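[1] my questions are about this predicted structure, shown below with the sequence.
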Amino acid sequence: MRAVQSVTARAPGRVNLIGDHTDYNGGFVLPCAIAYETAVRARPEESRSIRAESPFGSASFELAAMPSTRKGDWSDYLRGVIVELQRAGVALRGCALEVTSNLPAGAGLSSSASFEIAAALALLGVGGASLPPLELALLAQRAEELHAGTRCGIMDQFTVLHARPGHAILLDARSLSFSYVAVPNAIRIVVCNTMVKHELSAGSYNQRRSECEAAAAILRERYPGAAQLRDVSMEELEQARTTLPPLLYRRARHVVSENNRVPAAAQSLKNADVRQFGELMNASHESLRDDFEVSCPELDLMVELARDLGALGARMTGGGFGGCTVNAVPIEEAMAFCERIARAYRSETGIAPDIYDGTPAGAARVARDG
Ligand code: GLA
């Protein structure tokens, strides 16, 4: 009999070019994967437990007695993935997982979705099972929502599983229909890490989502067809402005305007109109900063520096409250830009930022070892 081999699954992080806080409102996003990833190696064991060693610590779960309570750390994602795989009817086998990563955690580059997907692919692979990518993306999203407590949208898990090198994904987060958009050779995507993490971010993220739902509920009284903010046009929002408390109006204005910017940005990439693309990125940042209030001084500073240093467009990316900016930089200036922005941010804040190449990378994959 052939011995069961160990497998290694690799899942990238992602950077969202434009379209933040739109996915859970049923809207559009334009993310791509990056060449930084989480790797999970699964070695089969003659046991009914899953043991994991990671840079964040170790964890162990008995498959027959999965705990249902949150620990409030990285192991919640693994527990969530195991429980959701079991609920999906996947027969898991005992194994030892070894987690490694060169993707910064908590930096808005989707380290959680990357880990969820890498862990799920490794657990499936070592048991000789597989799931279709869309099913797996939805499963990982449930793991995060139900077991780690973030009511996230589908963007991150979807991107990790559907990414294509050199391309961004224009995703309709409601219908889940998508198309690939090539990133023009004239620009380099550069990601700048402010190195700031705001601990409150999961609570604030869920709060934003609730505010969006509250705004949609009020707007629905006037526009019964508006299931989500995605269904409201800017004109309709303006007409209903006085029915909304000012804060909810601003939250909705971000979502509605951002939702308009995403297809326009995809079109400008297709037209290789990188200037227009950059302008849309800039407008997105302003909206996230002023209307949605998910930026922070360090992100605003990084964006300002980028624009001064020649970026065509610069914006915070992902959930916000710290983390990274994404920048569209003319290709011939990219090297100098990276050096200059690192120096400038450090001299303003005393913090040395990490700068990453955001060139769009490929999707998650799993391979037998050896
Ligand atoms: C996080 C969530 C995503 C999305 C972004 C903001 O990354 O996981 O679903 O909502 O924030 O765009």
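    In hand now; what should we look at? As the structure is a prediction and not an experimental result, all values here were calculated from the model.
[2] and for the closest residue to the ligand within the stretch 251-370 of the chain, the neighbour number?
    Distances between the stretch 251-370 of the chain and the ligand by C-beta to the nearest ligand atom are smallest at residue 319, namely 3.5 Å. Where you see a C-beta, it was placed from the backbone N, CA and C, and this is true even at glycine. Neighbours of residue 319 under the rule other C-beta atoms under 10 Å: 24.
[3] for it, which non-adjacent residue is spatially closest?
    Leaving aside its sequence neighbours, residue 319 sits nearest to residue 205 (C-beta to C-beta, 6 or more residues apart in numbering; 5.2 Å).
[4] what helix or strand does the one you found sit in?
    Taking DSSP states H and E as the definition, residue 205 sits inside helix 201-222.
[5] check contacts around residue 113.
    11, 14, 140, 144, 156, 157, 159, 160 (C-beta atoms under 8 Å, 6 or more residues apart in numbering).
[6] buried stuff in whichever helix or strand the last one is part of?
    Okay, so that is residue 160. Per DSSP H and E, residue 160 falls inside helix 155-162. For helix 155-162, a neighbour-count test (16 or more other C-beta atoms under 10 Å) marks 155, 156, 157, 158, 159, 160, 161, 162 as buried.
[7] hang on, the earlier thing: hang on, the residue nearest to residue 319 packs against residue 153?
    No - using C-beta atoms under 8 Å, residue 205 is not in contact with residue 153; the gap is 10.0 Å.
[8] report the beta-bridge partner residues of residue 59.
    Per DSSP bridges, the residues bridged to residue 59 are residue 52.
[9] list the contacts of residue 144.
    Neighbour list for residue 144: 77, 80, 112, 113, 116, 150, 152, 157 [criterion: C-beta under 8 Å, 6+ apart].
[10] nope, residue 350 is what I meant
    Taking C-beta under 8 Å, 6+ apart as the definition, residue 350 has no contacts.
[11] from residue 83, how far off is it?
    The gap separating residue 350 from residue 83 is 43 Å, by C-beta to C-beta, to the nearest Å.
[12] for residue 187, same thing?
    Distance from residue 187 to residue 83, by C-beta to C-beta: 42 Å.
[13] the more surrounded of these two?
    Neighbours per residue, other C-beta under 10 Å: of residue 187 and residue 83, the larger number sits with residue 187, 22 against 18.
[14] beta partners for that one?
    Where residue 187 sits in a bridge, its partners, by DSSP bridges, are residue 330.
[15] and for the one 5 residues further on?
    With DSSP bridges applied, residue 192 shows beta-bridge pairing to residue 325, residue 355.
[16] what sits against it?
    By C-beta under 8 Å, 6+ apart, the neighbours of residue 192 are 302, 306, 324, 325, 327, 341, 342, 345, 353, 354, 355, 356.
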